[in-house]
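1. Just a sequence and a predicted model for now, questions to come.
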Amino acid sequence: MELVLIAGEGRDVGKTLLGERLVAALRNRGLRVGVVKHVHHGVDYRVKDTGRYLGAGAERVVAVGPSEYMVVEKKRLGFWEAIQLLNGPDAVIVEGFREHIDSVIEKGGCTAYIHRDGTIDINPGNKEVHNIDEVLHVLTELVAAKKCTITA
């Protein structure tokens, strides 16, 4: 499985924008893509009653819609456990979890770190780029060449 972790210096630096564009680019190449997003202030539930049931004490809520479902559990989940929940897509895009950058690199994954000044460091190769289109191209090529393969 290819894994790209996108982190940055705080909020509003473009992590989600880069992640969305990378997912679309990889899907256009025919890859199945999963995403793990770190949220600091709790999950934004699309089904309001889900939060009400959790607030009432439910440990797990399954919300089922016409073409999707969501499972919410009151349980702390580790970084690598979250990735395993995706059931083995071709590529995983992770937003946040900057404390795991070193472990992702150690396991063979790729990382993109966005600085406030707009520069983005891409590992492997320690490339510094200044343009989101160039970053998208470099990351897409790294994934396609299987340079982001994790050994976890």
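-> Sure thing, it's come through. Numbering: from 1, shown residues only.
2. what's the longest strand along the chain packed up against?
-> Assignment by DSSP state E gives strand 2-8 as the longest strand of the chain. Packing partners of strand 2-8 (3 or more CB pairs under 8 Å, 6 or more residues apart in numbering; DSSP states H and E): helix 15-28, strand 91-95, helix 101-106, strand 110-114, helix 132-144. All C-beta spots, glycine's among them, are computed from the backbone N, C-alpha and C.
3. What I need now is these written out in TSV, including mean neighbour count for each item.
-> TSV is the format used below for these (neighbours: other CB atoms under 10 Å):
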stretch	mean neighbour count
helix 15-28	17
strand 91-95	23
helix 101-106	16
strand 110-114	22
helix 132-144	17
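4. and the longest strand of the chain, C-alpha only, in CSV?
-> Listed in CSV are the C-alpha atoms of strand 2-8, where the atom choice follows Å, rounded to 0.1, in the frame of the first residue of the first chain:
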residue,chain,number,x,y,z
GLU,A,2,1.2,3.5,-0.9
LEU,A,3,1.0,6.0,1.9
VAL,A,4,1.4,9.8,1.8
LEU,A,5,1.2,11.9,5.0
ILE,A,6,0.4,15.6,4.5
ALA,A,7,1.2,17.8,7.5
GLY,A,8,1.8,21.5,8.0
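5. List the buried residues for stretch 120-132?
-> By neighbour count on 16 or more other CB atoms under 10 Å, the buried set for stretch 120-132 is 120, 121, 122, 123, 129.
6. which SSE is the second one in?
-> If I follow you right, that is residue 121. Per DSSP states H and E, residue 121 falls inside strand 120-123.
7. Buried residues, the helix-or-strand element of the chain with minimal mean pLDDT. List them.
-> Lowest by mean pLDDT, DSSP states H and E among the helices and strands of the chain is helix 48-55, with a mean of 72. Neighbour-count burial for helix 48-55 flags 50, 53, 54 (criterion: 16+ other CB under 10 Å).
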